[in-house]
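let me see the structure of the following:
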Amino acid sequence: MKEFKLHSVESAPEKSKAMLAGAVKQMGVIPSLYAVMAESPEILKAYQELHQLFTATSFNAEELTVVWQTINVEHECHYCVPAHTGIAHSMKVDPAITEALRNQEPMPTAKLQALHDFTLAMVRDRGAVSQEQMMAFFNAGYSQKQVLEVILGLSQKVISNYVNHVADTPVDSMFKEFVWTK
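The predicted structure is shown next:
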């Protein structure tokens, strides 16, 4: 199998250069995921824009983490589980939440559990969730807007999880302490 190239700013296609330079400016490094995605400026741009849009939703840091990690764990993404563990720590999310997600254990609150259950149903049922699953989500305090926001988060994670599967993206050194396997 041909290995996917990990691009630098210099080696990247012209349309990816500014996005990679922006990552270096913001994070000090080019994450391996971005380095792989740079081969297609369109997927890198789509991923970055979906990330910005999802983080601007009505979900707080804990809820963003629940959506991301529920999907990452279900998709068994060797790269995104450690990356989002590190991101959750930087967002000051309670480590008990990230560990519960990583180990597929119950959430600490009924509302976060409802979000986890609904997100998992969306992934497993490919969006064809039942009325009972929808009502459980609404009864936990979520709205139609948040149903759509889960779909937005899922869109972001499908891109990254699938890229990491096909490219076998190496885990960045900043996330190595959070390495995960199912």
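
please count neighbours and contacts with C-alpha atoms only from this point.
OK.

can you spell out which helices and strands pack onto the host helix or strand of I71?
I71 belongs to helix 61-74 when elements are defined using DSSP states H and E. Helices and strands touching helix 61-74, as assessed by 3 or more C-alpha pairs under 8 Å, 6 or more residues apart in numbering; DSSP states H and E, comprise helix 80-90, helix 95-102, helix 110-124, helix 144-167.

swap the cut-off to 10 Å and go again
Judged by 3 or more C-alpha pairs under 10 Å, 6 or more residues apart in numbering; DSSP states H and E, the packing partners of helix 61-74 are helix 41-55, helix 80-90, helix 95-102, helix 110-124, helix 144-167.

adding distance to K2 as columns, could you present these in a markdown table?
Listed next are those as a markdown table, based on distance: least, C-alpha to C-alpha, whole Å:
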| stretch | distance to K2 |
| --- | --- |
| helix 41-55 | 19 |
| helix 80-90 | 22 |
| helix 95-102 | 30 |
| helix 110-124 | 29 |
| helix 144-167 | 9 |
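
need those in CSV with mean pLDDT, distance to V9 and mean neighbour count, can you?
What follows is the helices and strands packed on helix 61-74, written out as CSV (pLDDT from 0 to 100; distance: least, C-alpha to C-alpha, whole Å; neighbours: other C-alpha atoms under 10 Å):
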stretch, mean pLDDT, distance to V9, mean neighbour count
helix 41-55, 98, 12, 17
helix 80-90, 97, 21, 21
helix 95-102, 96, 32, 18
helix 110-124, 98, 34, 20
helix 144-167, 98, 19, 17
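
mind listing what I97 touches?
62-63, 65-66, 69, 85, 88, 103, 105-109, 112 (C-alpha atoms under 10 Å, 6 or more residues apart in numbering).

neighbour-wise, which one of the residues you listed leads?
Q69 (30 neighbours; other C-alpha atoms under 10 Å).

wait, it sits on Y79?
No: if you go by C-alpha atoms under 10 Å, Q69 and Y79 don't touch, sitting 11.3 Å apart.

quick one, grab the pLDDT at M1.
Note on M1: pLDDT of 57.

please renumber the chain so that the first residue is 71 from this point on.
OK, 71 is where the count begins now, so the last one is M71.
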